[in-house]
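In: Following is a predicted model, sequence given first.
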Amino acid sequence: MCRVSFAIISILMKSLIGNIAILGSGNIGLSLAYGLVKSSYQTASSIILTRRNVSGLSEQAALGYQVSANNMEAVSSASIIILAVLPQQLNGLLNEIKPVIDAKKHTVISVISGVSCNDIKAKLGEDVQVIRAMPNTAISIGQSMTCIASENATTENVDLVKGMFETVGSVVVINEELMTSATALCACGIAFFLRAIRAASQGGVEIGFHAEDALKMAVQTAKGAADLLLIHESHPESEIDKVTSPKGCTIAGLNEMEYHGFSSSLIKGIKLSALKAGGLYTEEK
Ligand SMILES: NC(=O)C1=CN([C@@H]2O[C@H](COP(=O)(O)OP(=O)(O)OC[C@H]3O[C@@H](n4cnc5c(N)ncnc54)[C@H](O)[C@@H]3O)[C@@H](O)[C@H]2O)C=CC1
Ligand SMILES: O=C(O)[C@@H]1CCC=N1
């Protein structure tokens with residue numbers, strides 16, 4: 001297809017999608033906005049970012065995003081509404097936007113941990129289509145692992161939302177009861193793997209590298225390990241078997257790490273995060 005017709009189709013697609021309102025433009029809201037623009041899913045001028053204090057969004061305004069402190073106006077001029085406030089901030093936001101929510105026009109996507117589709121429908125109306133999405137901050141660079149679930153959205157709408165998140169990473173559609181598990185493994189997981197990389201780089205400094213070099217080496221090694229699994233579609237243990245030479249140094253290091261609880265501390269941390277994610281909203285009610 002020639003470049004001109006591709007550009008025309010792309011413009012038509014963006015106008016069909018309509019404005020996207022991101023209510024609560026903090027860490028994940030902004031990461032999502034950046035990712036959608038970077039992937040060309042939508043233009044910055046068709047994304048409305050809201051925050052209670054709009055002065056915190058001057059950088060984004062300069063980049064061409066619409067910014068506002070008025071959630072009602074943002075909802076009125078958008079078709080996709082993304083809820084991205086903290087669980088404890090949600091009820092106030094839902095009460096504010098309820099009068100302008102139109103079940104025929106709006107698709108509501110919530111990235112808020114611990115809040116079910118039913119919790120949102122109970123506030124906005126039973127006929128409103130609500131889709132839960134759990135992305136992670138790597139969405140800003142098109143590398144999110146996003147899980148989505150819905151209980152009342154049409155297949156067409158789930159596909160629309162799946163398509164949107166696929167432009168900024170991988171997507172798995174899951175049952176809603178697994179959403180808190182997805183939060184721990186995928187959203188919190190970014191922090192867990194980053195801490196593992198930091199620990200590896202600190203080990204590197206202990207054995208002789210300058211901090212900057214040690215971090216670069218740890219990051220690229222972690223990326224290589226993840227890519228081996230993605231590209232070979234293999235199990236970690238089969239890749240580990242290729243590294244652990246008999247009587248070698250890898251198995252010695254691995255066994256020492258396991259003796260000190262490496263795998264079990266990761267598993268226990270993920271279990272605790274999932275437990276906490278499940279209670280984030282109900283704790284506040
Ligand atoms: N940070 C992350 O990696 C992820 C966070 N989440 C979920 O996303 C939600 C937001 O998390 P973060 O971005 O980390 O928090 P954050 O505190 O960085 O962002 C929340 C934003 O909402 C704004 N806000 C609060 N009340 C508002 C209102 N009534 N109208 C407009 N804006 C309002 C705040 O000013 C703030 O900028 C949480 O529910 C969290 O569970 C989900 C996946 C990943
Ligand atoms: O820490 C949190 O509660 C949020 C949810 C997932 C990632 N950050």
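Out: Yes, it's here. Ligands and ions are numbered 1, 2, ... in the order given.

In: For the rest of this, base every contact and every neighbour count on C-alpha atoms.
Out: Will do.

In: Enumerate the residues of the stretch 51-200 of the chain near ligand 2.
Out: Taking CA under 6 Å from any ligand atom, the part of the stretch 51-200 of the chain that reaches ligand 2 is made up of 113, 183, 187-188.

In: Buried among those? Need that as a selection in ChimeraX.
Out: Buried subset of those, written as a ChimeraX selection, criterion 16 or more other CA atoms under 10 Å:
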select :113,183,187,188
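
In: and the helix or strand hosting Phe165, anywhere near ligand 1?
Out: According to DSSP states H and E, Phe165 maps onto helix 155-166. No. Counting by CA under 6 Å from any ligand atom, ligand 1 is not contacted by helix 155-166; separation bottoms out at 12.9 Å.

In: what's the next secondary structure element after that helix?
Out: Next along the chain after helix 155-166, with elements defined by DSSP H and E, is strand 169-173.

In: My guess is Ser170 contacts Ile139. True?
Out: No. Using CA atoms under 8 Å, Ser170 is not in contact with Ile139; the gap is 9.6 Å.

In: Contact distance from ligand 1 - what residues of the stretch 101-250 of the chain qualify?
Out: 111-113, 134-137, 187.

In: go with 5 Å
Out: 111-113, 136-137, 187 (CA under 5 Å from any ligand atom).

In: rewinding a little: which member of the residues of the stretch 51-200 of the chain next to ligand 2 is positioned nearest ligand 1?
Out: Using CA to the nearest ligand atom, Ser113 comes nearest to ligand 1 of these, at 3.9 Å.

In: Would you mind giving the secondary structure of that closest one?
Out: Counting by DSSP: H, G, I helix; E, B strand; the rest coil, the backbone at Ser113 sits in coil.

In: name the element the nearest residue to it once chain neighbours are set aside belongs to?
Out: Excluding the flanking residues, the one nearest Ser113 by CA to CA, 6 or more residues apart in numbering is Ala277, at 5.9 Å. Per DSSP H and E: Ala277 is located in helix 262-279.

In: Which parts of that helix count as buried, going by neighbours?
Out: 269-270, 273-274, 276-278.

In: one step back: show me what the helix holding Phe165 is packed up against.
Out: strand 144-150, strand 169-173 (3 or more CA pairs under 8 Å, 6 or more residues apart in numbering; DSSP states H and E).

In: Which stretch among these is buried most, on average?
Out: Among the helices and strands packed on helix 155-166, the stretch with the highest mean neighbour count (mean count of other CA atoms under 10 Å) is strand 144-150, at a mean of 25.

In: Who are the packing partners of that strand?
Out: strand 129-134, helix 155-166, strand 169-173, helix 179-182.

In: Deepest-packed of the ones you listed, please.
Out: Scoring the helices and strands packed on strand 144-150 by mean count of other CA under 10 Å, the most buried comes out as strand 129-134, with a mean of 27.

In: Adjacent strands (with direction) for that one?
Out: strand 107-110 (parallel), strand 144-150 (antiparallel) (DSSP bridges).

In: Nothing else from me, thank you.
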